[in-house]
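>>> A predicted structure for the sequence below; I have some questions about it.
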Amino acid sequence: MDKRVFWVIIESTLEESCNDAEIQEKLIKKHLLNFKLNDIYDFQKICLDLLNGICTMPIHAAAFVVHNSLSPDSFKAFGGWLISQGEEAYMNAVDDADSICDLLFDSGVQKVMRTELSIDLLAYEIVREVWAENERDFDNQYKMLLKNRKTEIFDKVTAPVSSQKKNRLMSLVPRLVSAFYY
């Protein structure tokens, strides 16, 4: 699987799910079950590479503002949601983290969407459910396979942005700060 196929899966499931993260997660899993094991590992590698690609202070600030806190798990879920919004949304956020505001609010109405998706675990869950015989052996083999594919397991959350540093947040994501902190 290459990035083009990856983004086709993401964008088609986004459309089919009508932007419902839970439904989209199920649809992605359903699509992945049609692929060979190596393609599913490729999907996982692309997910992890994309998550690692958004480990920037502006995107950390955006996640902090949206969730009013930041932990490795909440950032990973936020990053999964961002990836699930499609290639254009992801690239826009990489270029300008404040563009995330456009994804969160529908036509200026303050209707915040669910901003969590465990996209980094989808491939893992499928492989474990379909191919694993012994879960402990599977976990070790899975980590080794990702390492052999030169895929870093995502864990790069920088120090959380302090809520007391509103000026710092405002300099990174002013539209989001205005929307969430009024």
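Right, received. Where do you want to start? Numbers count the residues shown, from 1 in each chain.

>>> ok, and for stretch 35-47, which residues are buried?
Counting neighbours by 16 or more other C-beta atoms under 10 Å, one finds that the buried residues in stretch 35-47 are Phe35, Asp39, Ile40, Tyr41, Asp42, Phe43, Gln44, Lys45, Ile46, Cys47. Heads up, the C-betas are built off the backbone N, CA and C, glycines and all.

>>> Out of the residues you listed, list just those in helices.
Asp39, Ile40, Tyr41, Asp42, Phe43, Gln44, Lys45, Ile46, Cys47 (DSSP state H).

>>> Greatest separation within those residues: which pair is it?
Asp39 and Cys47 (12.8 Å; C-beta to C-beta).

>>> Quick check: phi and psi on Gly86?
The phi/psi pair for Gly86 (degrees, to the nearest 10) reads phi 100, psi 170.

>>> Give me the distance between it and Arg175.
Distance, Gly86 to Arg175, using C-beta to C-beta, to the nearest Å: 20 Å.

>>> can you check Asn52 too?
25 Å.

>>> which of the two has more neighbours?
Arg175 (19 against 15; other C-beta atoms under 10 Å).

>>> What's the per-residue pLDDT of the residue nearest the centre of the chain here?
By C-alpha atoms, centre = their mean, the chain has its centre lying nearest to Gly80, at 1.4 Å. Reported pLDDT at Gly80 in the predicted model: 89.

>>> so which strand or helix has it?
helix 72-84 (DSSP states H and E).

>>> Tell me the first helix or strand C-terminal of that helix.
helix 87-95.

>>> So for that following helix, what gets flagged as buried?
Here helix 87-95 shows Glu87, Ala89, Tyr90, Asn92, Ala93, Val94 as buried, counting by 16+ other C-beta under 10 Å.
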